[in-house]
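Enquirer: Fold the following.
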Amino acid sequence: MLSSSQLISSPDSLIIFVMFISTSSLFQSRGISGYSLFAAACHAGWNALIKVGLDPLSTTTLISVGSGIVALAFAPLAGIPASAAWPWLLASVVIHLVYFASLIESYRTGDLGQVYPIARGSAPLMTAAVTSIFVGEKLSALGWTGIVALVAGVLLLSAHGGRHLAEIDRRAIGFALFTALTICAYSVVDGIGARLSANPNGYSVWLFIGIAMVMVPYALYRDGRDVIPAMQRFWLRGFAGGALQVLSYGIAIWAMTAAPIAIVATLRETSVLFGAVIAVVVLKEPLRAARIAAACLIVCGLVLIRVQ
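Expert: Reported below is the predicted structural model:
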């Protein structure tokens, strides 16, 4: 059994830890909420696994290639989505490319510990508003309250993730909010596309293949061939992270065919809470009062969403 020091010095062992959390969340809360929490834990897992010191572009390309390879292996089993879904799938590939480009610029101009939660935390409110107006998915008062509480918890984690909010470069905030807009866009597009596909698993598989196909040329265009040797050193980590990403977002896409898009999108953002758990338990970061308060808000939000 790994000691605490061995666990910290062996980043690959995060897979075991994250899958333990993921499995626990799945079995303790069955149904759409349980699967969505499982997806959130996987999302936190692949984010933890790819913190290998690469630049943001190489990191996102590494995970995209890893998920594309995993998806390609399952393509014969998953099948082909219905023709009605392909325009939505192709639109999602383009939106994901814009998302990654915006996220990379956010990382380059701001503090990762704050920019990422701002982007992820703002997206659920945007998604709830868009789906309420354009998709006709009306949420109850409890549902809206749960979303607001969960988002407040995510943003509270953000406020204590790095520099004070007032010190963040305004460009970084702009990129973070634009990134949130792209998250909203691909969530809505994928929710609709998966429903039209009659095969959400096939939709997910071909989406990841498409994203990998556009990310590699984009990375080569931005950084030239220098990006390839950097990724080769961490190909195993990229493959493992890619598998977790496919599992994470694949489950979310399936869930959006059976539940309101905004609810699934909001539950996915609990990945920030799982990330905080990893930071405290595995990386031995201090458990501050702000983190406890944020966790309480997120849990309250989850409860309200569950009973709405």
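Enquirer: Show the pLDDT at the spatially closest residue to residue 184 that is not a sequence neighbour.
Expert: Distances taken as CB to CB, 6 or more residues apart in numbering put residue 126 closest to residue 184, at 3.9 Å, once the chain neighbours are dropped. For every residue, glycine as well, the C-beta is placed using N, CA and C. On the pLDDT scale, residue 126 is placed at 91.
Enquirer: What of residue 99?
Expert: 91.
Enquirer: and it, what does it touch?
Expert: 179, 182, 183, 186 (CB atoms under 8 Å, 6 or more residues apart in numbering).
Enquirer: If we go by neighbour counts, what in the host helix or strand of residue 69 is buried?
Expert: In this assignment (DSSP states H and E), residue 69 forms part of helix 56-78. Residues 57-71, 74, 78 are the ones in helix 56-78 that count as buried (16 or more other CB atoms under 10 Å).
Enquirer: And stretch 135-152, by the same measure?
Expert: 135, 137, 139, 143-152.
Enquirer: any idea how far residue 119 is from the nearest residue to residue 102 once chain neighbours are set aside?
Expert: Nearest residue to residue 102, sequence neighbours excluded (CB to CB, 6+ apart): residue 179, at 4.5 Å. Using CB to CB, to the nearest Å, residue 179 is found at 4 Å from residue 119.
Enquirer: related to what we said a few turns ago, so which of the buried residues of stretch 135-152 sit within helices?
Expert: When DSSP state H is applied, the buried residues of stretch 135-152 are split such that 143, 144, 145, 146, 147, 148, 149, 150, 151, 152 fall in helices.
Enquirer: Tabulate the residues you listed in CSV, adding columns for distance to residue 281 and pLDDT.
Expert: Putting these into CSV (distance: CB to CB, whole Å; pLDDT from 0 to 100) gives the following:
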residue, distance to residue 281, pLDDT
143, 31, 85
144, 32, 89
145, 30, 90
146, 26, 87
147, 27, 87
148, 28, 89
149, 24, 88
150, 21, 82
151, 24, 83
152, 24, 86
